[in-house]
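Q: model the structure of this input:
(chains A and B)
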Amino acid sequence: MQQPGRAAEIKAIGIGKSFGSFRALDNLSLDIGRGEFLTLLGPSGSGKTTFLMILAGFVPPTEGKLFSDGVDITDRPAEQRAAGMVFQGYALFPHMSVEANIAFPLKVRKKSAADIKRRVGEMIERVGLKGHEKKLPAQLSGGQQQRVALARALVFEPGVLLLDEPFSALDKGLRGQMQAEMKRLHQETGTTFVFVTHDQSEALALSSRVAIFNHGKLLQVGAPDEVYDRPDNRFVAEFLGEINMLPLKGVEPAGNGSTGLCEDRTVSMRCKAEAVRGDAILAIRPEYMSISGEAAAGENGIAATATNSTYLGAATRLDLTTRQGAKVTVSVPNEVAAAALSKGNSVWLTWPAEKGFLLPHGGQ
Amino acid sequence: MRSYLSDRMGAALLMAPLLLFLVLAYAWPFLGVVKWSFTLPTPGLGQYEALLTDDLVQSVFIRTLRIAAVVTVVSVAAAYAITVVWVRGTPAQRLIAEFCILVPFWISVLTRAFGWVALLSNRGLINTWLQAIGFISEPLALVRNEFGVIVGMTHFLIPFAVFPLASAMRSLDDRVLLAARGLGSSRMRTFWTVFVPMTRSGIIGAAMIVFVFSLGFFVTPAILGGGRSVMIAELIYLRIFQSPDWGLGAAISVVLVLFVGALMALLFRYVRPKQLI
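A: Numbering: from 1, shown residues only, chains lettered A, B, ... in the order given. Modelled structure (predicted):
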């Protein structure tokens, strides 16, 4: 974080934080690569914001070490780390104009007046705030305030930009627009971005990698498709989107993958059955399942009855119950749903072997 | 939730007893004072003319404004420091600050004025000690002058400056301060460039309250000024009960009330009443 204009590489080793008896963060180790867009995702109270505050230097960790470009910065105060930070609610200086807000970090660094003027002007142009230079934050819309916060955090070319749920106050349309803008700023500046959110779709859409937190623990880190399609555990699987879970019996390795018994039918998976022999949970995302009249021989499928449908426009969400009473939800083309419901009785649920993954039975 | 009275009606009803009291005990008698100022000793604008020409009245007015200005600056600055500790300190610091703010409220203004006399007079504690350690040979004139008045009034008024300041500091978003630190600003710089400007409404409110209160001080200047630093309220008292020159006393009162009224009107243009408590 000390060399301006250069993306930082951050290494956290065994970071823990306790507030009294409350364990906010436990033994977290994470490498954040140069110029990467990492999202910290989790429900509220999961420790993601605490970790961001530790990165910024606002909260000292109870234990562990933090390195930036190989330098130990664990005990370095916030103003010397100078990570750019965008707060929830923006935290703009209400008594300063847009211009003065953006100039603040440059003034603190004692840049020349000409330099400040030039860089603030460039930044205002870049975030599309031309014509608003003299306004106070209270005279701006939420989206514009957001832009000021981004400009202020990026104008001094920090090695890392930290963002704490920056879009939570914006309506949906504006949110999408700001997300696109942030992605563009990330590409233009090449700076390392660390972004905190509890919105899984936002995390998947923006990041190069997603780190999922729960109860103060880092559960899994990976590219969006990796954590979505191959979650390590049940919490990650459920938090990233809707998922169907079917009980499996007699799971054992078979060839490159594994097989198991799902309601009297043998099904196969591409994933290995290392940790989960015997009883397990087969997890499949709704959009990977389809409805058909009959499962072909060797195809993964079980019988089920359609009970309810919800029209979603582009597709229909269909709720089904298997013979042994497991609830399943699928997302299917509208006409398929209508046909399935009109039959009133049994249909077949099928899915490709590579789209199912195994989770340990019970527990997390 | 259903309310049985409209907000406006409810508020009016709740305030009615107080308004009635103010009208009967203050507004009505004050109209009498206004009348005196135009009729005593002879009808006309004579008393107001005298105000403009009487050297004593003018020097007392100027002294009152000067003392009020100094007291305002000192009280607000001291209150600001105490309030920062009270609002943002550690729990132990908060407790101590709260003690310092609240205890003076429980002691009467008279007791406190005599307390300061005991401390500041020629044979008071401070002069005795300073002489005992050989720091001074002659006692310092700490009381029966403007200095004594300013000390006593400042001590009395600091708590009144604390509340508007505390209200402004409490409503301040901590994240804005964190943001300044995160952008590279030191604690000191953050305090002066972000914290203080953001509590501007509290500073204005505190200054106005202290200034207005100072203008009407009677007991403290009477005791600590020892008759040599007469302020406007004491002058009114002297004109009415000792001279007796009721017409002039009444005219000074009217001018003082108009001046304070104008200040209050100015105050409420900048600060909402809610921010003062």
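Q: alpha carbons only for contacts and neighbour counts from here, please
A: Noted.
Q: quick one: residue A:66 and residue A:16 touch, right?
A: No. Using Cα atoms under 8 Å as the test, residue A:66 is too far from residue A:16 to be in contact (11.1 Å).
Q: for the stretch 1-150 of chain A, which residue gets nearest to chain B?
A: Among residues of the stretch 1-150 of chain A, the one nearest chain B by Cα to the nearest Cα turns out to be residue A:79. It sits 3.9 Å away.
Q: where exactly do the strands run in the stretch 1-150 of chain B?
A: Secondary structure of the stretch 1-150 of chain B by DSSP state E, counting those that start in this stretch: no strands are present.
Q: low-confidence ranges, it, go.
A: Scanning the stretch 1-150 of chain B with the threshold set as pLDDT under 70 gives B:1-6.
Q: contact residues of it facing chain A?
A: Proximity of the stretch 1-150 of chain B to chain A, by Cα under 8 Å from any Cα of the partner chain, involves no residues.
Q: buried ones in the strand or helix carrying residue B:189?
A: In the assignment (DSSP states H and E), residue B:189 maps to helix B:187-190. With burial defined by 16 or more other Cα atoms under 10 Å in any protein chain shown, the residues of helix B:187-190 counted as buried are residue B:190.
Q: tell me the first helix or strand C-terminal of it.
A: Next along the chain after helix B:187-190, taking DSSP H and E as the criterion, comes helix B:196-198.
Q: ok, the residue of the stretch 151-277 of chain B found nearest chain A - how many residues close by?
A: Among all residues of the stretch 151-277 of chain B, residue B:184 sits closest to chain A, at 3.9 Å; criterion: Cα to the nearest Cα. As a burial measure, residue B:184 scores 26 neighbours (other Cα atoms under 10 Å in any protein chain shown).
Q: ok, now which ones touch it?
A: Applying Cα atoms under 8 Å, 6 or more residues apart in numbering or on different chains, we find residue B:184 in contact with A:78-82, A:105, A:108-109.
Q: who's in contact with the residue in the stretch 201-350 of chain A that chain B sits nearest to?
A: Minimum separation of the stretch 201-350 of chain A from chain B (Cα to the nearest Cα) falls at residue A:216, amounting to 22.4 Å. Residues in contact with residue A:216 (Cα under 8 Å, 6+ apart) are A:23-26, A:45-48.
Q: same thing but 6 Å
A: Taking Cα atoms under 6 Å, 6 or more residues apart in numbering or on different chains as the contact definition, residue A:216 lies against A:24-26, A:46-47.
Q: ok, residue A:65 - contacts?
A: A:12-13, A:74.
Q: hang on, it in a helix?
A: No. Note on residue A:65: no helix contains this position according to DSSP: H, G, I helix; E, B strand; the rest coil, which reports strand.
Q: what residues does the stretch 1-150 of chain A have near chain B?
A: When proximity is defined as Cα under 6 Å from any Cα of the partner chain, the stretch 1-150 of chain A approaches chain B at A:78-79, A:82, A:91, A:105, A:108.
Q: what is the least confident helix or strand in chain A?
A: In chain A, no helix or strand scores lower on mean pLDDT, DSSP states H and E than helix A:334-343, which sits at a mean of 77.
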